[in-house]
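# One predicted model, sequence on top.
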Amino acid sequence: MPRTIAVNTWVWTSPLTDETLEPLAHTAARMGYDALELPLENPGDWDPVRARAVLDGLGMGAVLVGAMGQGRSLVARAGDVPATQEYLRACLDAAAILRSPVVAGPFYAPTGAPWRMDAGERTAVVAELRENLAPLADEAAAAGLILAVEPLNRYETSVLNTVAQSLDALEPLLGAGVGLALDTYHLNIEEKRPADAIRAAGSAIAHVQVCGSDRGAVGDDHTDWPGILAALDDAGYRGVLGLESFTGENATIAVAASVWRPLAASQDELAARSIAHLRALGA
């Protein structure tokens with residue numbers, strides 16, 4: 001059975017708005033995408049009820065993606081924990097309206113704000129993360145949702161970089177309410193063998209994001225895509241594959257994602273080539 005393949009609207013724009021969502025949904029549907037990944041950079045940027053109506057009209061699903069900008073963190077050293085918890089509650093509310101099974105993102109700290117930690121501080125940070133994520137995990141589970149926590153590469157965070165770190169840090173919470181969001185871009189940087197890391201994550205995988213090893217199109221890169229798909233099968237993951245790449249036209253997102261040059265001839269081509277390659281592999 002073919003997988004559900006989604007595309008993140010960050011491929012084209014940031015922040016997403018009601019005005020940009022509908023035309024992008026139509027573009028994605030024409031390309032053959034089954035769903036949209038919808039980033040909620042700030043509550044109120046777009047209306048989840050309206051978005052759900054647009055997607056229903058196209059027969060598309062939705063995945064809610066959180067955005068961890070400056071000051072958003074579940075660790076006090078890196079941001080405002082109560083405000084971040086309220087932001088994630090808004091994400092859960094939007095996901096419920098959208099019928100998104102997950103809210104995915106690196107919820108522990110702001111993206112692009114790493115700091116050096118010794119073993120003692122890391123132990124304390126993990127304990128604080130667990131404590132501050134726990135009530136949100138309960139709320140997600142009660143709503144039938146999963147907070148899919150994403151490890152990032154070392155240049156974007158110092159908290160969770162690998163699958164092994166993430167499994168260790170989140171182990172008491174994994175299951176109902178909490179899982180992992182794996183991104184092939186970060187796996188390519190941090191894991192010695194990405195396919196083995198996927199297998200190790202196993203049933204904890206709640207969402208998967210894909211892109212080329214250079215953040216460009218799937219298939220225009222050195223990634224062993226048949227091996228990645230086989231590992232996902234071995235892990236028992238049959239959920240959404242979400243293409244996540246970024247436009248360099250928006251200054252904020254270009255800096256956050258380090259997009260300093262075009263990743264394809266056009267953003268439409270990046271998206272179209274990615275789904276064509278995945279489908280050709282039987283995804």
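Nice, I can see it.
# And the lowest mean pLDDT element among the helices and strands of this structure?
Taking mean pLDDT, DSSP states H and E as the measure, the helix or strand of the chain with the lowest value is helix 251-257, at a mean of 77.
# could you say what helices and strands the helix or strand following that one packs with?
Next along the chain after helix 251-257, taking DSSP states H and E as the criterion, comes helix 267-280. Using 3 or more Cβ pairs under 8 Å, 6 or more residues apart in numbering; DSSP states H and E as the contact criterion, the elements in contact with helix 267-280 are strand 5-8, helix 18-31, strand 241-243. All C-beta spots, glycine's among them, are computed from the backbone N, C-alpha and C.
# which helices and strands sit right next to the longest one?
Same thing as helix 18-31. Applying 3+ Cβ pairs under 8 Å, 6+ apart, one finds that helix 18-31 makes contact with strand 35-40, helix 48-58, helix 267-280.
# May I have the strands that pair with the helix or strand where residue 209 lies, each with its orientation?
Per DSSP H and E: residue 209 is located in strand 205-210. Partners of strand 205-210 in the sheet, by DSSP bridges, are strand 178-183 (parallel), strand 241-243 (parallel).
# from the chain's centre, how far out does that strand sit?
7 Å (Cα atoms, centre = their mean, to the nearest Å).
# quick one: buried residues of it?
Within strand 205-210, the residues scored as buried using 16 or more other Cβ atoms under 10 Å are 205, 206, 207, 208, 209, 210.
# thought the third one was touching residue 240?
Yes - when contacts are counted by Cβ atoms under 8 Å, residue 207 is listed as touching residue 240 (6.3 Å).
# can you list residues touching both of these two?
Residues touching both residue 207 and residue 240 (Cβ atoms under 8 Å, 6 or more residues apart in numbering) are residue 63.
# Looking at the helices and strands packed on helix 18-31, spot the one closest to residue 124.
Each of the helices and strands packed on helix 18-31 was checked against residue 124 via Cβ to Cβ, and the shortest separation belongs to strand 35-40, namely 29.5 Å.
# tell me which residues of the closest one are tucked away?
Of all the residues in strand 35-40, those buried under the rule 16+ other Cβ under 10 Å are 35, 36, 37, 38, 39, 40.
# ok so, going back, format the strands paired with strand 205-210 as CSV; extra columns: distance to residue 67, mean neighbour count and mean pLDDT.
Formatted as CSV, the entries for the strands paired with strand 205-210 read as follows, by distance: least, Cβ to Cβ, whole Å; neighbours: other Cβ atoms under 10 Å; pLDDT from 0 to 100:
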stretch, distance to residue 67, mean neighbour count, mean pLDDT
strand 178-183, 13, 26, 98
strand 241-243, 14, 25, 98
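# Among those, which comes closest to residue 1?
Go through the strands paired with strand 205-210 one by one with Cβ to Cβ and the one that ends up closest to residue 1 is strand 241-243, at 13.3 Å.
# hmm, who's touching the closest one?
Contacts with strand 241-243, where a contact means Cβ under 8 Å, 6+ apart, come from 3-8, 11, 33, 35, 37, 63, 65, 104, 207-211, 218, 271, 274-275, 278, 283.
# same thing with stretch 111-130?
Residues outside stretch 111-130 that contact it (Cβ under 8 Å, 6+ apart): 67-70, 74-78, 108, 152, 154-159, 168-170, 172-173, 256.
# Take those residues and keep only those in helices.
Residues of those located in helices (DSSP state H): 168, 169, 170, 256.
# Please name the residues that touch the last one.
Residue 256 is in contact with 111, 112, 246, counting by Cβ under 8 Å, 6+ apart.
# By neighbour count, which of the residues you listed wins?
Compared across those, residue 246 has the highest neighbour count, 23 neighbours, by other Cβ atoms under 10 Å.
# before we move on, the earlier item: wait, which of the strands paired with strand 205-210 is closest to residue 139?
Go through the strands paired with strand 205-210 one by one with Cβ to Cβ and the one that ends up closest to residue 139 is strand 178-183, at 11.1 Å.
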